[in-house]
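Peer 1: Below are the sequence and a predicted model; questions follow.
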Amino acid sequence: MGQIIVMTSGKGGVGKTTSSAAFATGFALRGHKTVVIDFDVGLRNLDLVMGCERRVVFDFINVINGEAKLYQALIKDKRVENLYILPTSQTRDKDALTKEGVEAVMDELRKEFEFIICDSPAGIEKGALMALYFADQAVVVTNPEVSSVRDSDRILGMLAARSRRAELGQPPVIEHLLLTRYDPIRVERGEMLNVNDVLEILAIPLLGVIPESQAVLRASNVGVPVILDDTSNAGMAYADAVARFLGEQLEHRFVKPEKRGLFSRLLGRTA
Amino acid sequence: MRIFNFFRPAQPPKVESSAHHAKERLQIVMAHERASRDGPDFLPLLQQELLAVIAKYVDVDQNKVEVKLDRSNEISTLEVNIELPSRRPEPRRQRAALQGAASTP
Ligand SMILES: Nc1ncnc2c1ncn2[C@@H]1O[C@H](COP(=O)(O)OP(=O)(O)OP(=O)(O)O)[C@@H](O)[C@H]1O
Ligand SMILES: [Mg+2]
């Protein structure tokens, strides 16, 4: 049976879609059959980040409404084996998702896939609740910034009280912290919460720290998940986080400012 | 960057850094939010019941009630200010202040 993983945050724009695309691609690269689902009904951005926007015919909502079969809506990634995308509708609203409808799709996907990644919309209302409801594990995507940390805590409260596992009295959803858009230079200057502060406040295990990186925007411009840019810090940090999720013990890289040689400092070069 | 700072190693963050403030503020507000997460939000109800009691004795204007909450590390205070109608013809303000203090968990 596949594992359902929700990428959630409460606050918007912290990197859920970027992380969903990276994790899905990372799992698939390691040979795990994976599907990533866009739960952000009405917006639909995952297809752009994954670079499959021109191949969308049917979507998640069509499947729920019985207008298309699941296999017709799944888009197979052209670059990576074992990777599928289930896009969402841009025209309907979040009420189009019903618990029964989502459950039926999840049950079917669980039989086929090892990992099912749910890219949650922002907020703590219906859409976000639907995305986390069926989760076995949650990656709480957080920026080192006050409102994001607070919203993450509220989402943790939702996972503990409003998920299916909570309602059925099953073992709780496994929680992971993914700290994104981390800027070690600003942290060192005392302008940004450091990783230990956030860990102390949220008190859940750290899966990874993704540095603020220009590679992320570049990757989304061209529709290639940043994890495929294995020369970038963000790409390497995502690869590490995926490996940790799969049980490897790896040290956290990119949490300290890079040591730059005297010459590059004198020349004022940036990475 | 000033040239004489150039070769010095970076300083550890000062205690008064903005990140330090961020952490402190988060710890305080989140301790409260976690504590009240499962319980019902009693403030609106408390306000209603208090008003009902006071309304038994004096005629209060619902729009002239002010409820303030201040949460800090040691104690939290709830301040309810109710403006009482003046009894005499010349306008005079009377205020009944009710303060409750509860220690935080
Ligand atoms: N590590 C990073 N470094 C630099 N930019 C980043 C990083 N992570 C995300 N971004 C940028 O932040 C923006 C928001 O990212 P993304 O769409 O993944 O967030 P989201 O949480 O899915 O947003 P929403 O809540 O709207 O769904 C994008 O422009 C993305 O390029
Ligand atoms: Mg998104």
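Peer 2: Here it is on my side, so go on. Ligands and ions are numbered 1, 2, ... in the order given.

Peer 1: Now do the helices in the chain.
Peer 2: Reading this off chain A. A:16-29, A:46-50, A:60-64, A:70-73, A:99-112, A:126-133, A:146-162, A:164-167, A:184-188, A:195-202, A:214-222, A:233-245, A:262-266 (DSSP state H).

Peer 1: try chain B instead
Peer 2: B:18-37, B:43-57.

Peer 1: And the shortest one, what does it pack against?
Peer 2: If contacts are counted by 3 or more Cβ pairs under 8 Å, 6 or more residues apart in numbering or on different chains; DSSP states H and E, helix B:43-57 sits against strand B:65-71, strand B:75-84. Backbone N, C-alpha and C define where each C-beta goes, glycine included.

Peer 1: What average pLDDT does that helix get?
Peer 2: Across helix B:43-57, the average pLDDT comes to 81.

Peer 1: same thing with stretch A:61-70?
Peer 2: Stretch A:61-70 carries an average pLDDT of 94.

Peer 1: And that stretch, how far out from the chain middle?
Peer 2: Here stretch A:61-70 is found 24 Å from its chain centre; the criterion is Cα atoms, centre = their mean, to the nearest Å.

Peer 1: again, but for stretch A:64-81
Peer 2: For stretch A:64-81, the distance to the chain centre is 19 Å (Cα atoms, centre = their mean).

Peer 1: Can you tell me what sits against it?
Peer 2: Contacting residues not belonging to stretch A:64-81 are listed as A:25, A:28-29, A:35, A:47, A:50, A:52, A:55-60, A:62-63, A:83-87, A:96-98, A:101-102, A:104-105, A:108-109, A:224, A:228 [Cβ atoms under 8 Å, 6 or more residues apart in numbering or on different chains].

Peer 1: is any part of stretch A:206-225 close to chain B?
Peer 2: No - figure legend: stretch A:206-225 not in contact with chain B (Cβ under 8 Å from any Cβ of the partner chain); closest approach 15.2 Å.

Peer 1: Could I get the buried residue list for that stretch?
Peer 2: Neighbour-count burial for stretch A:206-225, counted by 16 or more other Cβ atoms under 10 Å in any protein chain shown, picks out A:206-213, A:215-216, A:219-220, A:224-225.

Peer 1: And the helices of chain B: which comes nearest ligand 1?
Peer 2: helix B:18-37 (18.5 Å; Cβ to the nearest ligand atom).

Peer 1: Next, count neighbours for the closest residue to ligand 1 within the stretch 51-200 of chain A.
Peer 2: Among the residues of the stretch 51-200 of chain A, A:Ala122 lies closest to ligand 1, at 3.5 Å counting by Cβ to the nearest ligand atom. Neighbour count of A:Ala122, defined by other Cβ atoms under 10 Å in any protein chain shown: 18.

Peer 1: Now it. Its backbone dihedrals?
Peer 2: phi -70, psi 170 (degrees, to the nearest 10).

Peer 1: per-residue pLDDT, the residue of chain B found nearest chain A?
Peer 2: Nearest residue of chain B to chain A: B:Ser17, at 2.7 Å (Cβ to the nearest Cβ). pLDDT for B:Ser17: 91.

Peer 1: which residues does it contact?
Peer 2: Each residue near B:Ser17 by Cβ under 8 Å, 6+ apart is listed here: A:189-191.

Peer 1: what do you get if the cut-off is 7 Å, keeping everything else the same?
Peer 2: Residues near B:Ser17 by Cβ atoms under 7 Å, 6 or more residues apart in numbering or on different chains: A:Gly190.

Peer 1: Could you check how far it is from B:Glu66?
Peer 2: 35 Å (Cβ to Cβ, to the nearest Å).

Peer 1: Show me the shaky parts of chain B.
Peer 2: Scanning chain B for pLDDT under 70 picks out B:1-15, B:38-41, B:87-105.

Peer 1: one more time with 80
Peer 2: B:1-16, B:35-47, B:60-78, B:80, B:84-105 (pLDDT under 80).

Peer 1: circling back: do you know which of the helices of chain A lies nearest A:Cys118?
Peer 2: Nearest to A:Cys118, of all these, is helix A:126-133, at 4.7 Å by Cβ to Cβ.

Peer 1: Tabulate the helices and strands packed on helix B:43-57 (JSON lines), appending mean neighbour count and distance to ligand 1.
Peer 2: Supplementary listing: the helices and strands packed on helix B:43-57 in JSON lines, determined by neighbours: other Cβ atoms under 10 Å in any protein chain shown; distance: least, Cβ to the nearest ligand atom, whole Å:
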{"stretch": "strand B:65-71", "mean neighbour count": "12", "distance to ligand 1": "28"}
{"stretch": "strand B:75-84", "mean neighbour count": "16", "distance to ligand 1": "32"}
